[in-house]
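Trainee: sequence-free structure coming up:
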């Protein structure tokens, strides 16, 4: 390895030494070695060095590294580092190496097969790929393994061929030559191999090969050939069961277009059903992996043939019953999840009127499925009825079980849709009654026997909640009185009952006679010390208050007493939930009572807030203060009276009393970001909730936002500013023109401050500010285009947006791109805003300003957008990046083509060949000759393909961005 600035020398001993260093415990040396190996993999020396390592007697790890490096070189550097005349020699070397590694190690052999496959794709003059490989490798057993590996990886690599530097046309032609033209020969090769020996007939590689080629060979050809028999035989051998099962599953999936494959499906059905006796046998043998494999076959068949099952339920009933048997015999819940997709897809058809007859024939299947699911939902049994930890402290296993129950809950919903909700609820009712009958009398304050048998139907009922209509008036009337008697001393049962009540609050709102006992059950649950029960109770309390707010109006004063007493006992998320609940009840009261009720509920919150502010010294106390502000925000969001214009809003009257407190807290904690964010969030919702009624607070609010950003440089102040800009725009009713003008002046002052900040600091130091700034500007451009576009700030804002595109964080880049895309529309005939002020001469003037701006800075925009798409943009920004390019081509086709050309020529040397660059520009110019509207979209697709290909080949720039580095933004305002 190089040191002291000496050039790096990539010899075999140096590479092996670096790999040895990677195993050491010295992190500094490992980092140096990793950098050295990374540079080696990108160097031209890597070609000969990797082949030398593979030709030598290095250990397996070094050989695998060399083979993997060679694969990367062929994938990414073949076109730029190897001449076409040297390709046959490279091919010969790989074939020799394959011959050497045919006996193993397998990982090295597979990587070399991938190398040969990728070379075959790019070496377009090599026409006899298959015959050359087969004849060169020979006919011994070790060579068979090598040939099978090559046959398996070839379709996979061709399918992934878009990462290779071939044009779409060249890749399509090579796909035909390598796959389509060889399909028949490959099938015969595989048949001959399967029939060559008993060992070959159960070789997992055979079935992996068949699976890989099923994408190219018509499935009917495989099903009619001896290969299907080979697959079925493979399923009877433990060594090949997994691979054969996967192969048969893929065969079934290839028949998914059932109308095109009816004959093949009819041939496959009896062969699949032959496997049903294996279900019981594998369960009795406790062969979990085999049971999984067989279940997946049935599930793949069911998923693929679900349409014909709905059409011919009687004929395919044995397959449905086999899937049901898999579920029933799955005592340890190992395989049932494979079937969930089938039950869902079948339900989708059975609930259509067209398949009503099939629904009647299969409704009993779903009825049995519900019985099975109710058994699987139960927690594990324990000899101790008081033991609640049934997973021996294994929290991961318990969490896995909980997640799995929710998946089963989805299957229960599917059953509800097929059977009807009342029938499903009847099963829940029967299970509850059965427990009461068997064990209810044995329950004591200290012990609840077999509680698992009661908890499972409660969970099932909770899962079905979304399916139950408010009008259901039979089964729930019997269940609800039983639930309020659920023993409260068992935490699991109490939690389950609370969650059920919370899920059925809409039903309860329509049946108020059941409200009081349920609500009291929830309220009494807050007396527990269990955090899980408290969280569940808070959530259920919220739903009761939201859905039954009009029914709880008579208790609004008593609720405040309860709320005030319980609030400090709860964890923070639960505080917000019960606050949202009581705020909804308050919001549902008469407007003349709102001021009194807000004072009743929020004055204690305000007092707590001031107390916390006076004692908040460390970060923990400050975070607690920030979270407490959110409680006031809940009331701002929920207490929103509807009043005629001009009538004083009692909520705003109250918030005027709270505003100075929030303002003081903000000033005192301006350096603590969470508090700034919570205060801004509260003020933002005040503007959104009360809109023009907030006019009395606009002055102090604007001052606080301006001063806040100036002191803190935090984006939250811009986020709150955008709400004011929207709600008091010129298009709103009942907004005085002087107020609108003052708000725009306030916006420009904010924008000037941000631009100064962006001039002083690098974009990487301001990602959140940049995001919020350009979200704000999107609103400004939409509501005030006639003021913003002629403004002196318009050009620097655009330049700052271009500089922001150098970031590698999705949110700020997306915001800047959205702003630029909106701006581009004002250069054409269809601007984003349809304001009357943009008509006639004013509209023409606006368009002229935008076009001049784009002509002045267009090259920098194109350069930065393409650099982002090729190198730095997060993946979610690609569509907006290509949208910017499309917009520029539509406005300035010739100039944009030249800018794209110059940008591509700036790419680091050796990363794009002149042939590739010229091909792209030629195609762009060809599309520009078209007169239809599709031409621009085709150019967008060309650029997306080019940038995607470049990005895949060069995950990171090899020598920095060079000429593509973003220009530093400077603002003189």
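Mentor: Now that the structure is in, tell me what you want to look at. The model shown is predicted, which means the values in this text are computed figures rather than measured ones.
Trainee: all contacts plus neighbour counts: C-alpha atoms, from now on.
Mentor: Fine.
Trainee: what pLDDT does the most centrally placed residue in the chain get?
Mentor: In the chain, the C-alpha nearest the mean C-alpha coordinate belongs to residue 876, at 10.9 Å (Cα atoms, centre = their mean). In this prediction, residue 876 carries a pLDDT score of 89.
Trainee: could we number from 11 for the rest of this?
Mentor: Noted, 11 is the first residue going forward, which turns the last one into residue 886.
Trainee: Identify the residue nearest it in space, chain neighbours excluded?
Mentor: Nearest non-adjacent residue to residue 886, counting by Cα to Cα, 6 or more residues apart in numbering: residue 820, 6.8 Å away.
Trainee: which residues does that neighbour contact?
Mentor: Counting by Cα atoms under 8 Å, 6 or more residues apart in numbering, residue 820 touches 883, 884, 886, 887.
Trainee: buried subset of those?
Mentor: Taking 16 or more other Cα atoms under 10 Å as the criterion, what is buried in the contacts of residue 820 is 883, 884, 887.
Trainee: Let's see which of those residues end up in helices.
Mentor: Using DSSP state H, no member of the buried ones among the contacts of residue 820 falls within helices.
Trainee: Go ahead and name everything in contact with whichever strand or helix holds residue 97.
Mentor: Assigned by DSSP states H and E, residue 97 falls within helix 97-111. By Cα under 8 Å, 6+ apart, the surrounding residues in contact with helix 97-111 are 61, 64-65, 118-119, 122-123, 125-126, 129, 133, 143, 146-147, 153, 156.
Trainee: Any chance of a ChimeraX selection covering the buried ones in those?
Mentor: Provided next is the ChimeraX selection string for whichever of the contacts of helix 97-111 are buried by 16+ other Cα under 10 Å:
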select :61,64,118,119,122,123,125,126,129,133,143,147,153,156
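Trainee: Looking at the contacts of helix 97-111, which are in helices?
Mentor: 61, 64-65, 118-119, 122-123, 125-126, 129, 143, 146-147, 153, 156.
Trainee: how about low-confidence regions in the stretch 861-983 of the chain?
Mentor: 920, 941-943, 962-976, 983 (pLDDT under 70).
Trainee: how does it look with 50?
Mentor: 965, 967-969 (pLDDT under 50).
Trainee: How are the helices of it distributed by residue range?
Mentor: In the stretch 861-983 of the chain, the helices defined using DSSP state H, counting those that start in this stretch lie at 888-901, 903-915, 924-938, 944-963.
Trainee: re the thing from before, list the buried residues of the helix holding residue 97.
Mentor: Judged by neighbour count using 16+ other Cα under 10 Å, the buried positions of helix 97-111 are 97, 100, 101, 104, 105, 107, 108, 109, 110, 111.
Trainee: would you turn those into JSON lines with pLDDT and distance to residue 409?
Mentor: Formatted as JSON lines, these follow (pLDDT from 0 to 100; distance: Cα to Cα, whole Å):
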{"residue": "97", "pLDDT": "90", "distance to residue 409": "55"}
{"residue": "100", "pLDDT": "91", "distance to residue 409": "53"}
{"residue": "101", "pLDDT": "90", "distance to residue 409": "52"}
{"residue": "104", "pLDDT": "90", "distance to residue 409": "49"}
{"residue": "105", "pLDDT": "90", "distance to residue 409": "50"}
{"residue": "107", "pLDDT": "91", "distance to residue 409": "49"}
{"residue": "108", "pLDDT": "89", "distance to residue 409": "47"}
{"residue": "109", "pLDDT": "88", "distance to residue 409": "49"}
{"residue": "110", "pLDDT": "89", "distance to residue 409": "49"}
{"residue": "111", "pLDDT": "89", "distance to residue 409": "45"}
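Trainee: between those residues, which is nearest residue 894?
Mentor: Nearest to residue 894 among those: residue 97, at 40.1 Å, using Cα to Cα.
Trainee: Could I get the full set of helices for the stretch 361-510 of the chain?
Mentor: Counting by DSSP H, counting those that start in this stretch, the stretch 361-510 of the chain has helices at residues 366-386, 405-429, 431-449, 461-474, 485-493, 501-513.
Trainee: and of those helices, who's closest to residue 679?
Mentor: Across those, residue 679 has its closest neighbour in helix 501-513 (38.2 Å, Cα to Cα).
Trainee: average pLDDT across the closest one?
Mentor: Predicted confidence along helix 501-513 averages 94 (mean pLDDT).
Trainee: what distance separates the next helix or strand after it from the middle of the whole chain?
Mentor: Toward the C-terminal end, the helix or strand that comes next after helix 501-513 (DSSP H and E) is helix 515-520. Averaging C-alpha positions (Cα atoms, centre = their mean, to the nearest Å) puts helix 515-520 34 Å from its chain's average.
Trainee: tell me what helix 515-520 is packed against?
Mentor: helix 541-557 (3 or more Cα pairs under 8 Å, 6 or more residues apart in numbering; DSSP states H and E).
Trainee: in the helix it packs on, what counts as buried?
Mentor: Residues of helix 541-557 classed as buried: 543-557 (neighbour count, 16+ other Cα under 10 Å).
Trainee: Need the contact partners of the very next helix or strand once past it.
Mentor: Moving toward the C-terminus from helix 541-557, the first helix or strand encountered (DSSP H and E) is helix 566-576. Residues outside helix 566-576 that contact it (Cα under 8 Å, 6+ apart) are 536, 588, 589, 592, 595, 596, 610, 611, 614.
Trainee: Spit out the contact partners of the last one.
Mentor: The contact partners of residue 614, by Cα under 8 Å, 6+ apart, come to residue 574.
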